[in-house]
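Peer 1: starting from these lines, generate the structure:
(one chain, ligands or ions: 1)
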Amino acid sequence: MSLEENLNQLEATAANRITRSETIPELDEARRALLGKKGELTLLLRGMGSVPPAERPRAGQLVNETRARLEALLDERQSTLARREQDALLAAETIDVTLPAPEAAFGRRHPIMQTWDDIVRIFSNLGYSVVEGPEVETHWYNFDALNIGPDHPARDERDSLFVGDSLVMRTETSAVQIRTMENREPPVQIIAPGRVYRRDAVDRTHSAIFHQVEGLLVSEGVTFGDLKGTLSTFLQQLFDEAPGSGGLKTRFRPHFFPFTEPSAEFDVFFKGDWLELGGCGMVHPKVLETVGYDSEKYTGFAFGFGIERMTMIKFDIDDLRLFYDNDWRFLEQF
Ligand code: DAH
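Peer 2: Residues are numbered from 1 along each chain as shown. Sure thing, here's the model as predicted:
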């Protein structure tokens with residue numbers, strides 16, 4: 001058989017083998033068997049030693065042409081197989097968007113924050129805006145400007161948490177009243193929710209860190225009647241759905257606060273008992289003068305209460321420590 005016939009035969013078998021390769025490893029194997037160091041074409045080329053010198057250039061050319069055609073065939077098959085693999089992969093990974101989704105675990109708002117949100121919503125509807133103040137306060141804002149004298153118990157190391165000589169972890173959100181009035185002219189109508197700190201031993205109803213809301217309204221002609229009406233409306237709305245609160249009863253008892261005159265505490269009737277909720281009163285003229293307001297022209301009321309206490313009533317919880325344990329079994333009930 002001439003070289004040419006040999007080549008033709010080799011090419012025919014090779015082409016067959018290539019097009020029948022069904023996987024890339026199989027094709028790689030074919031490539032090696034044909035064109036590798038010990039491949040069929042290579043061996044054929046070696047056999048050229050017996051070709052007469054005059055015919056060698058043409059023989060060489062024939063071998064190279066065959067080689068080129070086989071390589072082209074291999075490459076083409078290679079890309080066909082690669083594409084097929086890719087398609088199979090894509091088909092296997094197709095996402096069926098109509099399948100039901102796995103159940104996701106949703107967190108929920110902490111009961112304290114739910115009450116916080118309720119309070120903000122109710123007062124927003126009554127025309128109040130929300131302001132915030134720092135939790136580390138100066139003695140001026142936390143005590144002096146609020147007319148809290150040097151002998152008041154809150155000044156004592158045993159009751160409040162002091163930071164160095166001139167700062168204190170704020171003991172009440174009332175400090176925000178002063179900061180607000182300093183920067184605005186009346187009418188002022190704000191609430192200030194936030195964290196407060198006291199040196200209290202922790203028990204069922206006490207925590208060293210808790211949340212308060214301060215409220216303040218200063219304008220012309222504000223009366224104690226406005227204060228009672230505002231707080232009663234607020235409490236009615238907040239406890240609308242509290243267990244056993246049907247037709248909520250509220251009451252105001254005379255009390256003393258340095259920053260209000262007259263002052264009162266307000267209670268709600270809950271499960272057969274009067275429960276104290278917070279303090280309130282008409283803003284003391286001294287406080288108004290301290291921030292530069294004309295106390296002859298303006299009057300106002302202020303109030304403050306704890307969010308924990310309100311949440312305990314709203315959800316019928318009898319131990320406030322549950323709020324801070326972050327026990328999911330407790331939290332998921334709200
Ligand atoms: N700051 C008082 C407290 O922590 C609550 C309070 C009473 C706030 C009377 C007021 C107020 O604004 O007028 O017990």
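Peer 1: domain parsing of this structure, as residue ranges.
Peer 2: 3-92, 111-331 (automatic domain parsing).
Peer 1: tell me which of the ones you listed is the most buried.
Peer 2: Compared across these, domain 111-331 shows the largest average neighbour count, a mean of 17 (mean count of other Cβ atoms under 10 Å). Backbone N, C-alpha and C define where each C-beta goes, glycine included.
Peer 1: give me the three-state assignment for the residue of the stretch 51-200 of the chain found nearest the ligand.
Peer 2: In the stretch 51-200 of the chain, no residue comes nearer to the ligand than Glu172, which is 3.5 Å away by Cβ to the nearest ligand atom. What DSSP: H, G, I helix; E, B strand; the rest coil gives for Glu172 is coil.
Peer 1: hang on, it packs against Tyr197?
Peer 2: No - if you go by Cβ atoms under 8 Å, Glu172 and Tyr197 don't touch, sitting 9.6 Å apart.
Peer 1: name the helices or strands packed onto the helix or strand of the chain with the lowest mean pLDDT?
Peer 2: Least confident helix or strand, the chain: helix 40-46 with a mean of 82, by mean pLDDT, DSSP states H and E. Helix 40-46 is packed against helix 3-20, helix 24-35, helix 56-93, with contacts defined by 3 or more Cβ pairs under 8 Å, 6 or more residues apart in numbering; DSSP states H and E.
Peer 1: and the angle from the longest one to helix 24-35?
Peer 2: So that's helix 56-93. 180 degrees (axes from the mean of the first three to the mean of the last three Cα atoms, to 10 degrees).
Peer 1: same check, this time on the first one
Peer 2: Following the same axes, to 10 degrees, one obtains 170 degrees for the angle between helix 3-20 and helix 24-35.
Peer 1: pull the residues that contact helix 3-20.
Peer 2: 1, 27, 30, 33-34, 40-41, 44, 47-48, 51, 59, 62-63, 66, 69-70, 73-74, 77 (Cβ atoms under 8 Å, 6 or more residues apart in numbering).
Peer 1: which parts of the stretch 151-300 of the chain sit against the ligand?
Peer 2: By the rule Cβ under 6 Å from any ligand atom, the part of the stretch 151-300 of the chain lying against the ligand is Glu172, Ser174, Glu214, Phe257, Phe259, Thr260, Gly278, Gly279, Cys280, Gly281.
Peer 1: so what's the residue of the stretch 51-200 of the chain closest to the ligand closest to, chain neighbours aside?
Peer 2: Excluding the flanking residues, the one nearest Glu172 by Cβ to Cβ, 6 or more residues apart in numbering is Val196, at 5.6 Å.
Peer 1: hang on, that neighbour is in a strand, isn't it?
Peer 2: Yes - under three-state DSSP, Val196 sits within a strand.
Peer 1: touching, it and Val213? I think so.
Peer 2: No - the pair Val196 / Val213 is not scored as a contact, 10.3 Å apart, by Cβ under 8 Å.
Peer 1: what residues are shared contacts of the two?
Peer 2: Listed as contacting both Val196 and Val213 by Cβ under 8 Å, 6+ apart are Thr173.
Peer 1: now for the helix or strand hosting Phe234, which elements pack on it?
Peer 2: Here Phe234, judged by DSSP states H and E, is contained in helix 224-238. On a contact count with 3+ Cβ pairs under 8 Å, 6+ apart, helix 224-238 meets helix 111-125, strand 209-219, strand 250-257, strand 260-270, strand 273-283, strand 299-306.
Peer 1: what mean pLDDT would you report for that helix?
Peer 2: Taken as a whole, helix 224-238 has a mean pLDDT of 94.
Peer 1: for stretch 268-280, same thing?
Peer 2: When pLDDT is averaged over stretch 268-280, the result is 89.
Peer 1: swap in stretch 167-174?
Peer 2: 96.
Peer 1: just the C-alphas of it, formatted as CSV.
Peer 2: Output of stretch 167-174 as CSV, limited to C-alpha atoms (Å, rounded to 0.1, in the frame of the first residue of the first chain):
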residue,chain,number,x,y,z
LEU,A,167,-21.2,63.3,83.9
VAL,A,168,-24.0,60.9,84.9
MET,A,169,-25.9,58.1,83.1
ARG,A,170,-29.1,59.9,82.7
THR,A,171,-31.6,59.0,85.4
GLU,A,172,-34.7,60.2,83.5
THR,A,173,-35.5,61.3,80.0
SER,A,174,-36.6,64.6,81.5
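Peer 1: other residues contacting that stretch?
Peer 2: Contacts of stretch 167-174 (Cβ under 8 Å, 6+ apart): 133-139, 141-143, 146, 154, 159-163, 192-194, 196-198, 212-214, 259, 302, 304.
Peer 1: gap between stretch 122-133 and the chain center?
Peer 2: Offset of stretch 122-133 from its chain centre (Cα atoms, centre = their mean, to the nearest Å): 23 Å.
Peer 1: quick one: end-to-end distance for it.
Peer 2: Stretch 122-133 has an end-to-end distance of 21 Å (Cα to Cα, to the nearest Å).
Peer 1: likewise stretch 15-32?
Peer 2: First residue to last in stretch 15-32 (Cα to Cα) measures 14 Å.
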